[in-house]
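> compute the structure for the input listed below.
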Amino acid sequence: MGHVEVGHVSHALPDGRLLLLDVSFRVGEGVTAALVGPNGAGKTTLLRMISGDLTPQEGTVAHSGGLGVMRQFIGSVRDDVSVHDLLLSVAPERVRQAGEALEDAELAMMERDDEPTQLRYAAALADWGDAGGYEAEVLWDACCVAALGTPYDRCRWREVGTLSGGEQKRLVLEALLRGPDAVLLLDEPDNYLDVPGKRWLEERLRETPKTVLLVSHDRELLDRAADRIVTVEAGTVWVHGGRFATYAQARRDRNERLEELRRRWDEEHAKLKQLVNMLKNKAAYNDGLASRYQAAQTRLRKFEEAGPPEVPPGDQRITMRLRGGRTGKRAVICEDLELTGLMRPFSTEIWFGERIGVLGSNGSGKSHFLRLLAGAADELPRGAAPVEPIAHTGVGRLGARVVPGLFAQTHARPDLAGRTPCEIVMTEHARFRNDAMSALARYELHPAAEQPFETLSGGQQARLQILLLELGGATLLLLDEPTDNLDLASAEALQEGLEAFEGTVLAVTHDRWFARSLDRFLVFGADGAVYPSSDPVWDETRVARAR
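Numbering: from 1, shown residues only. As a prediction, this is how the structure comes out:
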């Protein structure tokens with residue numbers, strides 16, 4: 001069993017802005033705790049401190065038991081790594097080090113086959129066995145079968161880039177939950193999982209004896225799996241000891257208490273200042289009041305040194321102005337369209353103004369379908385994500401005056417790397433700095449306006465992508481899991497923006513709450529068939545048998 005403890009941690013960003021101030025909390029043995037808060041509040045930074053990736057500038061972090069870590073973007077930085085490399089990266093440290101040494105020895109054997117190299121290889125094999133490498137391979141085999149339906153030996157050299165985001169997440173989750181580490185840090189583990197996958201994760205988190213600290217924005221998962229809620233906002237942390245169902249009321253009650261404490265502090269402060277001023281005036285002509293005047297001054301000084309109570313954090317105010325524009329009646333036309341190796345040919349028409357949910361299991365071709373439509377345009381809007389050709393047969397084309405805008409699922413935007421949000425908006429959309437900062441402020445991105453894109457939190461990257469779609473004038477929004485990295489306030493703002501958008505929306509989603517706002521659905525079946533549905537279909541296999 002293990003625990004996590006954070007004590008009096010403070011941390012400032014490179015630009016000097018204070019991110020965390022005197023943060024303390026503890027996650028006890030066997031507890032599943034959720035770390036929630038606005039995008040950019042410092043949740044991932046806290047996880048990086050606990051994992052050892054980042055050293056706190058002040059304070060301490062500690063944990064007992066082995067530590068397993070799932071980072072926010074699994075496999076999105078380097079798609080050429082293999083399944084073996086991915087599993088090794090989340091293995092216990094001793095296994096990881098022995099595996100890396102064995103790989104180096106194997107490469108050396110391929111280059112030269114002399115006696116020293118053979119001895120080095122033999123030693124690496126022995127170390128691999130001593131570290132528990134062969135036991136890890138047995139575990140990985142069970143994980144690969146559960147997550148991918150394929151034994152480890154048959155998929156160990158498969159590139160991670162060929163797996164869907166959900167398959168990558170499920171594989172790593174299987175390895176961590178089945179592994180020996182007593183403490184797990186999971187940064188948005190439900191992202192890219194389909195609904196059956198989220199339900200599986202909810203059950204496993206309820207069952208596991210491990211200590212778990214996770215970041216998630218899925219309210220249903222939080223309510224079903226988390227024992228307590230650790231909130232990061234306004235640089236501080238507070239803990240709600242109940243489930244997520246009672247969290248909103250607990251937050252309101254806490255803020256009301258803070259407001260009352262602040263009101264009382266202000267009243268007491270005003271009274272003390274008034275007393276000091278009164279005694280100062282009287283002591284000027286009555287020496288007998290000098291001691292009382294000094295005592296009042298001391299009391300006021302100590303009161304001010306103690307400082308006021310915490311200020312209640314303000315609510316986020318995000319305004320998305322997705323305008324769109326009038327297009328032809330038929331926005332998308334598909335005729336005998338088949339994505340090679342992913343689906344059977346299908347035909348459909350999507351009409352101007354419709355909000356279509358694209359549902360289906362992971363790896364069924366939903367993301368490829370959106371990228372195909374994004375690449376069907378004669379010209380992409382300024383600031384749009386670059387789109388590579390998608391292998392297909394049949395026809396997938398856009399209607400008259402349809403301008404597509406693609407929201408990328410993994411936020412992999414090499415065209416934005418190394419550039420700040422302010423620079424991106426000014427360059428891509430010919431905006432003056434004041435106009436760019438005003439647009440960023442509507443999305444609450446102005447505090448991060450001068451940070452490189454790759455250093456933004458997942459939610460900040462998501463909001464910036466949506467802003468670029470707004471400024472680009474897209475009339476067809478192709479949204480690939482748009483709510484995965486958005487906090488609650490941002491997701492609600494997106495839904496409001498989509499309701500006011502004059503155009504067509506296709507959204508791949510596994511968000512049960514977000515799906516309620518869509519008109520109808522296009523379901524990518526497990527058998528390769530693509531069919532329409534008036535209601536969301538989360539368990540496609542069950543519905544397919546009923547049809």
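
> partners of the helix or strand where L214 lies, with directions?
Element membership for L214, per DSSP states H and E: strand 211-215. Sheet pairing of strand 211-215 (DSSP bridges) gives strand 32-36 (parallel), strand 183-187 (parallel).

> between those, which gets nearest to V95?
Nearest of the strands paired with strand 211-215 to V95, taken as Cβ to Cβ: strand 183-187 at 16.2 Å. C-beta coordinates here come from the backbone N, C-alpha and C atoms, glycine included.

> pLDDT on the closest one, on average?
Strand 183-187 shows a mean pLDDT of 95.

> residues in contact with whichever helix or strand comes after it: which ones?
The helix or strand immediately downstream of strand 183-187 is helix 195-207, counting by DSSP H and E. Helix 195-207 is contacted from outside by 32, 166, 169-170, 173, 177, 189-190, 193, 212, 214, 218, 220-221, 224-226, 361-362, 510, 512, 538-539, using Cβ atoms under 8 Å, 6 or more residues apart in numbering.

> show me those that map onto strands.
Among those, the members falling in strands (DSSP state E) are 32, 212, 214.

> just these now: which is nearest V9?
The closest of those, once distances to V9 are taken by Cβ to Cβ, is L214, at 18.8 Å.

> now that closest one: closest residue in space that isn't a chain neighbour?
Computed as Cβ to Cβ, 6 or more residues apart in numbering, the closest residue to L214 that is not its neighbour in sequence is L186, at 4.1 Å.

> what is the one you found paired to in the beta sheet?
Assessed by DSSP bridges, L186 has beta-bridge partners M70, L214.

> what angle separates the strand holding L214 from helix 195-207?
140 degrees (axes from the mean of the first three to the mean of the last three Cα atoms, to 10 degrees).

> what is the mean pLDDT for strand 211-215?
96.

> what about the residue nearest the centre of the chain, helix or strand, and which?
Centrality entry for the chain: nearest residue to the mean C-alpha point is N485, 3.7 Å, by Cα atoms, centre = their mean. Using DSSP H and E, N485 sits in no helix or strand.

> nearest residue to it in space, please, no chain neighbours.
G458 (3.6 Å).

> quick one: low-confidence parts of the stretch 351-500 of the chain?
377-387, 409-412, 430 (pLDDT under 70).

> show me where it has its helices.
Secondary structure of the stretch 351-500 of the chain, counting by DSSP state H, counting those that start in this stretch: helices at 366-375, 421-429, 433-442, 458-472, 488-500.

> residues near E310, how many?
16 (other Cβ atoms under 10 Å).

> quick one: secondary structure of it?
When classified by DSSP: H, G, I helix; E, B strand; the rest coil, E310 comes out as coil.

> quick check: the gap between it and F25.
Per Cβ to Cβ, to the nearest Å, E310 is found 15 Å from F25.

> T45 now?
Counting by Cβ to Cβ, the gap from T45 to F25 is 14 Å.

> longest helix anywhere in the protein?
helix 247-283 (DSSP state H).

> wait, which of the strands paired with strand 211-215 is closest to L498?
strand 32-36 (23.5 Å).

> packing partners for the helix or strand just after the closest one?
Next helix or strand after strand 32-36 toward the C-terminus (DSSP H and E): helix 43-51. For helix 43-51, the elements it packs on are strand 4-12, strand 18-27, strand 32-36, strand 58-63, strand 67-70, strand 183-187, strand 211-215, judged by 3 or more Cβ pairs under 8 Å, 6 or more residues apart in numbering; DSSP states H and E.

> quick one: helix 43-51 to chain centroid distance?
13 Å (Cα atoms, centre = their mean, to the nearest Å).

> give me the residues contacting it.
4, 6, 9, 11, 19-20, 23, 35-37, 54-56, 61, 63, 67, 69, 72, 185, 187, 213, 215, 232, 457-458.

> apply 7 Å and report the result again.
Identification of contacts with helix 43-51 by Cβ atoms under 7 Å, 6 or more residues apart in numbering yields 4, 6, 9, 11, 19, 35, 37, 54, 56, 61, 63, 67, 69, 72, 185, 187, 215, 232, 457.

> next, the angle from it to strand 4-12.
120 degrees.

> count of residues packed around S24?
S24 has 14 nearby residues by other Cβ under 10 Å.

> cool, and R431?
R431 has 18 nearby residues by other Cβ under 10 Å.

> and it, what does it touch?
Neighbouring residues of R431 by Cβ under 7 Å, 6+ apart: V425.

> just R254 next, same as before
Contacts of R254 by Cβ under 7 Å, 6+ apart are W238.

> next one: it, what pLDDT does it get?
91.

> list the buried residues for stretch 103-117?
Within stretch 103-117, the residues that qualify as buried are 105, 108, counting by 16 or more other Cβ atoms under 10 Å.

> tabulate the helices of the stretch 351-500 of the chain in JSON lines, adding columns for distance to A91.
Listed next are those as JSON lines, based on distance: least, Cβ to Cβ, whole Å:
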{"stretch": "helix 366-375", "distance to A91": "28"}
{"stretch": "helix 421-429", "distance to A91": "36"}
{"stretch": "helix 433-442", "distance to A91": "40"}
{"stretch": "helix 458-472", "distance to A91": "24"}
{"stretch": "helix 488-500", "distance to A91": "34"}
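
> which SSE is the nearest residue to R516 once chain neighbours are set aside in?
Leaving out its chain neighbours, the residue that sits closest to R516 by Cβ to Cβ, 6+ apart is P536, at 7.9 Å. Using DSSP H and E, P536 falls within no helix or strand.

> can you check A136 too?
Here A136 is assigned to helix 133-148, by DSSP H and E.

> which residues are in contact with the next helix or strand after that helix?
Using DSSP H and E, the helix or strand that follows helix 133-148 towards the C-terminus is helix 152-155. Residues outside helix 152-155 that contact it (Cβ under 7 Å, 6+ apart): 83, 137, 140-141, 144, 148.

> same deal with stretch 353-363?
Residues contacting stretch 353-363 (Cβ under 7 Å, 6+ apart): 164, 166-167, 192, 194, 350, 366, 369, 498, 504-509, 515, 518-526, 536-537, 540.

> same deal with stretch 436-456?
For stretch 436-456, contacts defined as Cβ under 7 Å, 6+ apart pick out 15, 17, 40, 316, 318-319, 413, 416-422, 425-426, 460-461, 463-464, 467, 471.

> what subset of those residues is buried?
Buried among the contacts of stretch 436-456 by 16+ other Cβ under 10 Å: 40, 318, 413, 416, 419-422, 425-426, 460-461, 463-464, 467, 471.

> what's the closest of the residues you listed to R120?
Out of the buried ones among the contacts of stretch 436-456, the member with the shortest distance to R120 (by Cβ to Cβ) is R413, at 41.7 Å.

> averaged pLDDT, the helix or strand containing P532. What do you get?
In the assignment (DSSP H and E), P532 maps to strand 530-533. Strand 530-533 shows a mean pLDDT of 94.

> H84: neighbour count?
19.

> was I right about it contacting E159?
No. Counting by Cβ atoms under 7 Å, H84 does not reach E159; the two are 10.7 Å apart.

> list the contacts for the nearest residue to V9 once chain neighbours are set aside?
Leaving aside its sequence neighbours, V9 sits nearest to G59 (Cβ to Cβ, 6+ apart; 3.4 Å). For G59, the contact set (Cβ under 7 Å, 6+ apart) comprises 7-10.

> quick check, nearest of those residues to M110?
Looking across the contacts of G59 and measuring by Cβ to Cβ, the closest to M110 is V9, at 46.1 Å.
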